[in-house]
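Q: heads up, no residue letters with this:
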């Protein structure tokens, strides 16, 4: 059936009106590019592009195990999705991939903005690939509290590593909650492990509590520092030094090398008074230059020594067990929070309580008690 090239939408009024000035054109598939001056018959019709078929659970699983990069990216997108339609299938995929996971070393990397995290990861990852390792980089980018968007520029800054056939770089938005970071990054790590990546690098956003979240999901936690950024004691005040298994002073090249060596002595003096982040392992400061490559090989030797030491002492497996239990409790909390705010009775009462609290008619505690009772008394 031939439709006119230019017609009114179904919802438009019969009588002409300025409020309903929209017209429906068939677009490029209908030999029209949308421009008023276009001649419908002069524009060749383009072939229609079929909608991409949604993969089955088994296709996701087999594609990941076969190290198909396209399917790997699609699987991570499925896992990261917040849509209820994707959640059940994502869990089915993860369950079938679990027997193929756990064979990697998980390394968290953090540092203040400007410490050179992306440059270090590219240099470090490229070195590991040259040694026969397969490296997956999960770069968590901070999300805007205004637009909810993220730039996701880490893949651009790791241009050389992104092109390496033995590496996989995946930038992901942090979202609005740290729990979201924990869930998505943990499950993405499992997918990458199932795809045969034996080194997983997780770059934190470097802004506060995210370091604690990433510390709870990795085996080795590396803190990047630079000289000339202020008093070294500021790092101790923030508490992030207590989380680190090693401190790496980056940009130790040229005229800055001697300052880096001086900072190394200062950091080691501070670490002497701190409890190690991992039992049986002594945290120390080291220097490197991601630009020249100095110290990169020593960093990997250090991490390999850490793994051997903690595996022999039993701490490696014990940490992963504790992380899995903590992850379970976090997911329970996320589920309960989601269930509470999505409850229809709570949705009805919540605006009333918010207004009452804003006007000072009831206390916050009273409002919370009322909301909890509303949730607990919901119809079964």
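A: Arrived safely. In this text, all values refer to a predicted model and were calculated from it rather than measured experimentally. Numbering: from 1, shown residues only.

Q: check which residues of the helix or strand harbouring residue 120 are buried.
A: In the assignment (DSSP states H and E), residue 120 maps to helix 117-130. Residues of helix 117-130 classed as buried: 117-129 (neighbour count, 16 or more other CB atoms under 10 Å). C-beta coordinates here come from the backbone N, C-alpha and C atoms, glycine included.

Q: touching it from outside, list them.
A: 109-111, 135, 137, 139, 154, 157-161, 164, 166-167, 199, 201, 203, 206, 224, 248, 250, 288, 290-291, 293, 296-297, 299-300 (CB atoms under 8 Å, 6 or more residues apart in numbering).

Q: same check, this time on stretch 159-166
A: By CB under 8 Å, 6+ apart, stretch 159-166 touches 121-122, 125-126, 129, 133-135, 137, 155, 167, 169.

Q: among the residues you listed, which pair sits farthest apart?
A: Largest separation among the contacts of stretch 159-166 by CB to CB: 133 and 155, giving 19.3 Å.

Q: what segments of this protein are helices?
A: Secondary structure of the chain by DSSP state H: the helices cover 57-65, 69-80, 84-97, 117-130, 154-157, 159-163, 178-194, 210-215, 233-238, 257-271, 296-313, 315-342, 344-358, 364-376.

Q: least reliable of these going by mean pLDDT?
A: Among the helices of the chain, helix 233-238 has the lowest mean pLDDT, at a mean of 50.

Q: quick check, pLDDT for residue 54.
A: 82.

Q: next: residue 81.
A: 84.

Q: what does residue 203 give?
A: For residue 203, pLDDT reads 88.

Q: turn the helices of the chain into a markdown table, including distance to residue 244.
A: Conversion of the helices of the chain to a markdown table gives the following (distance: least, CB to CB, whole Å):
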| stretch | distance to residue 244 |
| --- | --- |
| helix 57-65 | 32 |
| helix 69-80 | 28 |
| helix 84-97 | 30 |
| helix 117-130 | 14 |
| helix 154-157 | 21 |
| helix 159-163 | 23 |
| helix 178-194 | 19 |
| helix 210-215 | 9 |
| helix 233-238 | 9 |
| helix 257-271 | 9 |
| helix 296-313 | 12 |
| helix 315-342 | 15 |
| helix 344-358 | 41 |
| helix 364-376 | 38 |
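
Q: which one of those lies nearest to residue 277?
A: The minimum distance between residue 277 and the helices of the chain falls on helix 210-215, with 7.8 Å, by CB to CB.

Q: what helices or strands is that closest one leaning on?
A: Judged by 3 or more CB pairs under 8 Å, 6 or more residues apart in numbering; DSSP states H and E, helix 210-215 is in contact with strand 105-111, helix 178-194.
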